[in-house]
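>>> sequence? don't have it. structure:
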Ligand SMILES: Nc1ncnc2c1ncn2[C@@H]1O[C@H](COP(=O)(O)OP(=O)(O)OP(=O)(O)O)[C@@H](O)[C@H]1O
Ligand SMILES: [Mg+2]
């Protein structure tokens, strides 16, 4: 088996709730491999978003170490963490959080965070290829207000992919969408999950997503209570 893209080793996270310190993620070991589409499910408040932000180097663990492609991320400076995020991750959140004053193309290019005309040219080309894959070429010059929920969410996915991340982290990307838009976003993500060079991790309550995944992790009260690969036979059910 290849090396994990992401390795959580003994990580835990505490929060102060104003009165006391509460352990929201209990000591956890977890490896994520390239080519895996992993779902993280669990009740509200169980720690899914916290786990995902720890995986995404957005939040620091109170204990333990996060390795991204064998690089030890815990203990790095903020600048180094930001660099590791930019080089390795794409994020898609529940609400697509596009900048309203910018067009679709501008939203994507700005997010790439790369300056300079030649590089911007490369990013634009990459963005165009992705917009085509996600059936968004007609929306290129529109602003977020002119898009449907499903289109916005697909733009957010393109934006997350433009830097070629090795890990795409999605937190409830379909929960704010109606059934039809959700289906379109899921079909786009399904295409993506066929790419064996990157990992896709999605927090979701949405059972419509489950058949697409390769691995299911369930979390309750900050503890991983279930972690299993989903066989082809199970997917067909
Ligand atoms: N910044 C914070 N400060 C204090 N407590 C927090 C903070 N963030 C999360 N928590 C607490 O940690 C627990 C887990 O929260 P988290 O957002 O990870 O849950 P979740 O599984 O994503 O829930 P949901 O399905 O509702 O999004 C909750 O009890 C929450 O109140
Ligand atoms: Mg959450």
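That came through fine. In this text the structure is predicted, and so the values were computed from the model without any measurement. Ligands and ions are numbered 1, 2, ... in the order given.

>>> Could you pull up the mean pLDDT of stretch 230-237?
Mean per-residue pLDDT for stretch 230-237: 68.

>>> ditto for stretch 35-55
In this model, stretch 35-55 has a mean pLDDT of 94.

>>> And the lengthiest helix in the chain, what does it pack against?
Looking across the chain with DSSP state H, the single longest helix is helix 117-133. Contact here means 3 or more Cβ pairs under 8 Å, 6 or more residues apart in numbering; DSSP states H and E; on that basis helix 117-133 packs against helix 104-112, helix 149-161. The way it works is simple: take the backbone N, C-alpha and C, and place the C-beta from them, glycine included.

>>> Close to ligand 2: what parts of the protein are there?
Residues of the chain lying close to ligand 2 by Cβ under 5 Å from the ion are 48-49.

>>> which residues of the chain score low on pLDDT?
Scanning the chain for pLDDT under 70 picks out 1, 113-119, 232-237.

>>> Would you map the helices across it?
48-55, 78-88, 104-112, 117-133, 149-161, 179-192, 232-236.

>>> Geometrically speaking, which residue is the centre of this protein?
residue 169 (1.1 Å; Cα atoms, centre = their mean).

>>> ok, now which ones touch it?
52, 55-56, 89-92, 201-202 (Cβ atoms under 8 Å, 6 or more residues apart in numbering).

>>> That one pairs with what?
residue 91, residue 201 (DSSP bridges).

>>> contacts for the longest helix of the chain?
104-105, 108-109, 112, 114, 137, 139-140, 158, 161-162, 164, 188, 191.

>>> now swap in stretch 173-182 and tell me
92-95, 148-151, 153, 156-157, 185-186, 189, 202, 204-206, 208-209.

>>> count of neighbours near the residue of the chain found nearest ligand 2?
With Cβ to the ion, the shortest gap between the chain and ligand 2 falls at residue 49, namely 3.2 Å. Number of residues near residue 49 (other Cβ atoms under 10 Å) recorded here: 19.

>>> Which residue, other than its chain neighbours, is closest to it?
residue 171 (5.8 Å; Cβ to Cβ, 6 or more residues apart in numbering).

>>> I'd assumed residue 52 was in contact with the one you found.
Yes. Because the distance of 5.6 Å satisfies Cβ atoms under 8 Å, residue 171 is recorded as touching residue 52.

>>> where does this structure come near ligand 1, residue by residue?
15, 17, 24, 42, 44-50 (Cβ under 6 Å from any ligand atom).

>>> who are the neighbours in contact with residue 206?
With Cβ under 8 Å, 6+ apart, residue 206 has these contacts: 172, 174-175, 182.

>>> where's residue 77 relative to residue 84, distance?
11 Å (Cβ to Cβ, to the nearest Å).
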